[in-house]
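Visitor: Quick one: sequence and predicted model below, then my questions.
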Amino acid sequence: MSSSREQNASIFGARDSLNRDVVIKLLDKYSPDRPEGSIELQIFRLLNSPSIRTNPRNATIPVLEFLEFHGWTFIVMPAYESCDAYYFLSSRECLDFACQVSEALSFLHEHNIVHMDVSHENIMMNYYGCVPKKDIWNETKGDFVPLDPLPEFRSTFPVKYILLDFDHSTYSLPGIPRDKRLISPSRVGRMHRAPEVNGQFKHDPFASDVYQTAVFFFSYFGHIIDSEVPGLLELLQDMSSIYPPDRISMAEAATRMRTLYEKLPPREALPRHAIEVENYYYVPRSKFWYYREYLKWSISQKWMSILVSILVIGCLDLTPAHLNFKLFLGASDLV
């Protein structure tokens, strides 16, 4: 499995022949060494193939046109508004967002695509234009003050959320076993990425995607509405275990999130909020849980280090005395 991190994309605003605002993104330059194109280009072609594009679960940005020019490949996409262009006003709006995003990511995972860069910057909504004002100028205070009550926005139309930006994504061909779909660690990524992403050993990107999604949800709105939505914190905790094999799948996360959403009372009965992106927070746990999970994760990493040491020592053809000494040093790190 490979990644398309090496591609530095350029994005341009434009208007097409139908006078629609569009976005043009430079994806790739043809190379005889990889005629199939970059990972991002392969992903866009797959997601926009007729059978997958028409699937109602495919909530990724549609490509209006692939453009080829002197070996360069561009894609033309609709211009949409960012998902954070306006506040979330209720826990119902928050969970609708979480349902749509987790279901979209689950759809990608089913097609062996891992986003690896889940954040508000990479999620759009089916709206383009002016959003309601959030504040108004107050002459007395000499500053802007929040409008009260805030105007409705997301409840005024059937909002749909759309994933885009696959320049950090991974893609594997169908039929490859999960234990063979590991990728190398990387120092590149969001601050809320999974801990193993910048570790020492290859890791499961599907599990990493689940972790990053959980931290994103909790940071965006979960830390504000968790007391209103029974089961939300437990779900995010199950998605963000430090030990990757303990994390639930994106499909299970999406199913459970949908269940929580369907149990919510009507919007009118819920507290009002003005939720926007502020900072990133780890999903809270007890201190005992942290110690236990960190120990489990550390032991898995240490045993991998010991295995590597054994292989290296074997290649060096050291004496049994040296071997025992090296193994003793490695094992002592576990204490």
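Guide: Ah, there it is.
Visitor: CA atoms for contacts and neighbours, from now on please.
Guide: Fine.
Visitor: In the protein, where is pLDDT below threshold?
Guide: Within the chain, the stretches falling below the threshold (pLDDT under 70) are 1-9, 32, 289-291, 293-294, 296-298, 300-335.
Visitor: Just give me the longest strand of it.
Guide: Ranked by residue count, the top strand of the chain under DSSP state E comes out as strand 21-29.
Visitor: for it, packing partners?
Guide: Helices and strands touching strand 21-29, by 3 or more Cα pairs under 8 Å, 6 or more residues apart in numbering; DSSP states H and E, are strand 10-15, helix 39-47, strand 72-78.
Visitor: show me the contacts for the closest residue to Gln100 other than its chain neighbours.
Guide: With Cα to Cα, 6 or more residues apart in numbering as the measure, Tyr161 is the residue that lies nearest to Gln100, at 6.5 Å, once sequence neighbours are left out. Applying Cα atoms under 8 Å, 6 or more residues apart in numbering to Tyr161 gives the contacts 59, 83, 97, 100-101, 123-126.
Visitor: how far out from the middle of the chain is stretch 66-81?
Guide: Centroid displacement of stretch 66-81 relative to its chain, using Cα atoms, centre = their mean, to the nearest Å, is 23 Å.
Visitor: okay, how far is it across that stretch, tip to tip?
Guide: Chord length of stretch 66-81, first to last residue, is 22 Å (Cα to Cα, to the nearest Å).
Visitor: Quick check: buried residues in it?
Guide: Neighbour counts over stretch 66-81 (16 or more other Cα atoms under 10 Å) mark 66, 73-81 as buried.
Visitor: Can you tell me how far Arg178 is from Lys25?
Guide: As judged by Cα to Cα, Arg178 and Lys25 stand 31 Å apart.
Visitor: Comparing those two, which residue is more hemmed in?
Guide: More crowded of Arg178 and Lys25, by other Cα atoms under 10 Å: Lys25, with 19 against 12.
Visitor: can I assume that one is in contact with Phe74?
Guide: Yes - the pair Lys25 and Phe74 qualifies as a contact (Cα atoms under 8 Å) at a distance of 5.5 Å.
Visitor: residues touching the closest residue to Pro266 other than its chain neighbours, list them.
Guide: For Pro266, ignoring the flanking residues on the chain, the nearest one in space by Cα to Cα, 6+ apart is Arg92 at 8.0 Å. When the contact criterion is Cα under 8 Å, 6+ apart, the partners of Arg92 are 261, 264, 266-267, 270.
Visitor: ditto for Leu173
Guide: In this structure, Leu173 makes contact with Asn112, judged by Cα under 8 Å, 6+ apart.
Visitor: Quickly find the element holding it.
Guide: For Leu173, there is no helix or strand it lies in under DSSP states H and E.
Visitor: Next, work out how far apart it and Arg292 are.
Guide: In this view, Leu173 and Arg292 are 36 Å apart by Cα to Cα.
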